[in-house]
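Enquirer: Sequence isn't available, so here's the structure alone:
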């Protein structure tokens with residue numbers, strides 16, 4: 001008798017690294033402990049990706065990877081023509097130039113109509129190719145499971161078609177973000193697409209056997225929207241991997257003072273501009289407090305460094321892109337860990353995946369965001385402080401409070417053991433395996449509300 005197979009479809013997988021890659025990687029790393037069967041990952045091509053060795057080690061030997069290129073994407077045709085144009089010369093280049101000139105108006109028409117033709121998102125061509133590969137090459141049987149993890153809504157639309165054709169294939173949906181009405185999904189603001197996308201979302205909830213949400217707040221939204229599907233819903237938070245912290249030593253941060261560390265992409269957003277204004281106001285009220293602050297940006301930075309240096313002088317530090325392992329070392333070295341969430345980044349359901357590693361790292365957490373999951377978590381458990389990211393005076397007050405605690409030696413916080421257990425990646429994989437099992441349901445899974 002053949003073994004059960006799990007087909008995990010995800011656009012991003014090592015060496016490609018995005019915010020959602022970590023959730024997929026940690027599922028793949030720990031699922032073999034709880035899922036008795038083969039794991040196949042269907043993902044996009046990896047050409048040109050530099051990757052992160054630590055993440056690639058996590059999944060090495062844990063699964064079979066199938067890399068499927070998109071098919072029929074006019075953008076890919078244009079890129080192919082451009083690549084050929086750079087590679088050929090002489091008469092061949094003249095012929096190719098004529099081909100590119102003829103294709104240009106076709107591509108222009110595609111761009112003009114793309115918002116109506118290519119929806120619910122731009123990964124439509126890959127999603128169709130991935131599910132076609134699943135059916136024609138891998139040929140899933142009745143005992144197999146399809147797990148689609150995404151913010152790529154087109155993958156859910158394509159998978160719903162697979163489920164309609166193969167109703168005995170168990171289908172589990174993993175929502176890292178919401179869909180209809182979610183602030184990340186800017187296309188749903190187009191009134192010509194609202195009705196279509198709402199129907200697509202309804203179809204997903206009708207056909208899926210189980211629906212996993214990355215936060216309890218997303219689950220609450222869907223329980224209210226689809227009460228008939230409430231029995232399919234459960235939450236598996238993002239989290240941290242205890243093994244990632246084993247043997248790590250903090251980096252040596254330059255300068256003496258209170259070190260505030262942000263990891264991830266930052267700069268060039270309304271929230272960072274307001275933070276900079278709050279720092280200026282802090283300096284006007286309490287110059288010594290501003291002089292005590294060192295602000296570190298670890299990762300991509302899209303703002304003008306000179307703007308920050310004008311306020312913080314040599315106490316602002318730009319460390320550039322680092323590996324995930326080194327990012328954890330910066331977290332361990334911080335006195336305060338910074339979270340920046342704009343109002344449109346997930347709205348009230350937003351947590352941001354890094355906050356769970358921040359919880360494990362230990363320093364107090366400063367969340368600059370509108371009321372959301374991240375502010376609720378920090379406030380409810382005394383993990384640090386929060387302030388509206390669009391209120392410079394509220395941010396100034398929060399920073400002043402942290403500096404005051406640092407001066408008095410009262411900045412350290414205990415890490416609640418119940419949170420560490422709840423946000424362990426291994427525990428999340430165990431919960432997922434129970435949903436992947438034949439007839440598995442959220443019933444019997446304890447609630448996941450922090």
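Expert: Yep, that arrived. Keep in mind the model is a prediction, meaning the values are calculated, not measured.
Enquirer: Tell me which residues touch residue 390, please.
Expert: The contact partners of residue 390, taken as Cβ atoms under 8 Å, 6 or more residues apart in numbering, are 270, 271, 274, 343, 370. Any C-beta I mention is one placed from the backbone N, CA and C, and that applies to glycine too.
Enquirer: Now that we have those residues, which of them are buried?
Expert: Among these, those buried by neighbour count (16 or more other Cβ atoms under 10 Å) are 271, 274, 343, 370.
Enquirer: which among these gets closest to residue 61?
Expert: Ranked by distance to residue 61 (Cβ to Cβ), the buried ones among the contacts of residue 390 are led by residue 271 at 40.8 Å.
Enquirer: before we move on, the earlier item: quick one: which of the contacts of residue 390 is nearest to residue 435?
Expert: Each of the contacts of residue 390 was scored against residue 435 by Cβ to Cβ, and residue 370 proved nearest at 31.5 Å.
Enquirer: Check the buried ones among the contacts of residue 390 for the minimum pLDDT and say which it is.
Expert: Taking those together, the minimum pLDDT is found at residue 343 (71).
Enquirer: With adjacent residues omitted, what lies nearest to it?
Expert: Spatial nearest neighbour of residue 343, excluding adjacent residues (Cβ to Cβ, 6 or more residues apart in numbering): residue 370 at 5.1 Å.
Enquirer: of all the contacts of residue 390, which comes closest to residue 178?
Expert: residue 343 (15.2 Å).
Enquirer: How about the contacts made by the closest one?
Expert: Contacts for residue 343 (Cβ under 8 Å, 6+ apart) come out as 183, 369, 370, 389, 390.
Enquirer: circling back: just the ones of the contacts of residue 390 in helices?
Expert: Among those, the ones falling in helices (DSSP state H) are 270, 271, 274.
Enquirer: that older thread, Serialize the buried ones among the contacts of residue 390 to a markdown table and add fields for distance to residue 210.
Expert: Shown next, in a markdown table, are the buried ones among the contacts of residue 390 (distance: Cβ to Cβ, whole Å):
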| residue | distance to residue 210 |
| --- | --- |
| 271 | 35 |
| 274 | 40 |
| 343 | 31 |
| 370 | 31 |
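Enquirer: Report the buried residues of stretch 283-299.
Expert: For stretch 283-299, burial by neighbour count (16+ other Cβ under 10 Å) applies to 283, 286, 289, 290, 292, 293, 294, 295, 296, 297, 298, 299.
Enquirer: Over to stretch 205-216?
Expert: Buried residues in stretch 205-216 (16+ other Cβ under 10 Å): 205, 207, 208, 209, 210, 211, 212, 213, 214, 215, 216.
Enquirer: what does stretch 262-278 give?
Expert: For stretch 262-278, the buried set under the neighbour-count rule, 16+ other Cβ under 10 Å, comprises 262, 263, 264, 266, 267, 269, 271, 272, 274, 275, 276, 278.
Enquirer: rewinding a little: can you tell me which of the buried residues of stretch 205-216 is nearest residue 429?
Expert: Nearest to residue 429 out of the buried residues of stretch 205-216 is residue 212 (Cβ to Cβ; 11.6 Å).
Enquirer: so residue 341 sits right up against residue 371, yeah?
Expert: No: the pair residue 341 and residue 371 does not pass the contact test of Cβ atoms under 8 Å, sitting 10.5 Å apart.
Enquirer: With neighbour numbers in mind, choose between these two.
Expert: More crowded of residue 341 and residue 371, by other Cβ atoms under 10 Å: residue 341, with 23 against 13.
Enquirer: How much space separates the more buried one from residue 33?
Expert: 33 Å (Cβ to Cβ, to the nearest Å).
Enquirer: for residue 230, same thing?
Expert: 29 Å.
Enquirer: tell me the SS of residue 297?
Expert: Three-state call for residue 297 (DSSP: H, G, I helix; E, B strand; the rest coil): strand.
Enquirer: Look up which residues are beta-bridged to it.
Expert: Using DSSP bridges, the bridge partners assigned to residue 297 are residue 262, residue 318.
Enquirer: My read is that it contacts residue 312, right?
Expert: No: the pair residue 297 / residue 312 is not scored as a contact, 11.2 Å apart, by Cβ under 8 Å.
Enquirer: Any regions of the stretch 351-450 of the chain where pLDDT drops low?
Expert: Along the stretch 351-450 of the chain, the parts satisfying pLDDT under 70 run over 443-450.
Enquirer: For the stretch 51-200 of the chain, which segments count as helices?
Expert: 53-59, 74-87, 90-117, 124-133, 153-165, 191-207 (DSSP state H, counting those that start in this stretch).
Enquirer: For the protein, just list every one of the strands.
Expert: Assigned by DSSP state E, the strands in the chain fall at 5-9, 38-43, 64-67, 145-150, 170-175, 210-213, 233-235, 258-263, 293-298, 316-320, 336-340, 365-368, 384-387.
Enquirer: Of those, flag the one that's most buried.
Expert: Among the strands of the chain, ranked by average contacts under mean count of other Cβ atoms under 10 Å, first place goes to strand 365-368 (a mean of 26).
Enquirer: Pairing partners for that strand, with directions?
Expert: In the sheet, strand 365-368 lines up with strand 336-340 (parallel), strand 384-387 (parallel) (DSSP bridges).
Enquirer: what about it, distance to the chain center?
Expert: How far strand 365-368 lies from its chain's middle: 18 Å, per Cα atoms, centre = their mean, to the nearest Å.
Enquirer: Not counting sequence-adjacent ones, nearest residue to residue 250?
Expert: residue 333 (3.5 Å).
Enquirer: what residues are up against the one you found?
Expert: Going by Cβ under 8 Å, 6+ apart, residue 333 touches 250, 251, 252, 253, 259, 261.
Enquirer: which ones are touching the third one?
Expert: With contact set as Cβ under 8 Å, 6+ apart, residue 252 has these partners: residue 333.
Enquirer: Might you report the residue contacts of residue 175?
Expert: Residue 175 neighbours (Cβ under 8 Å, 6+ apart): 150, 211, 212, 213, 214, 218, 222.
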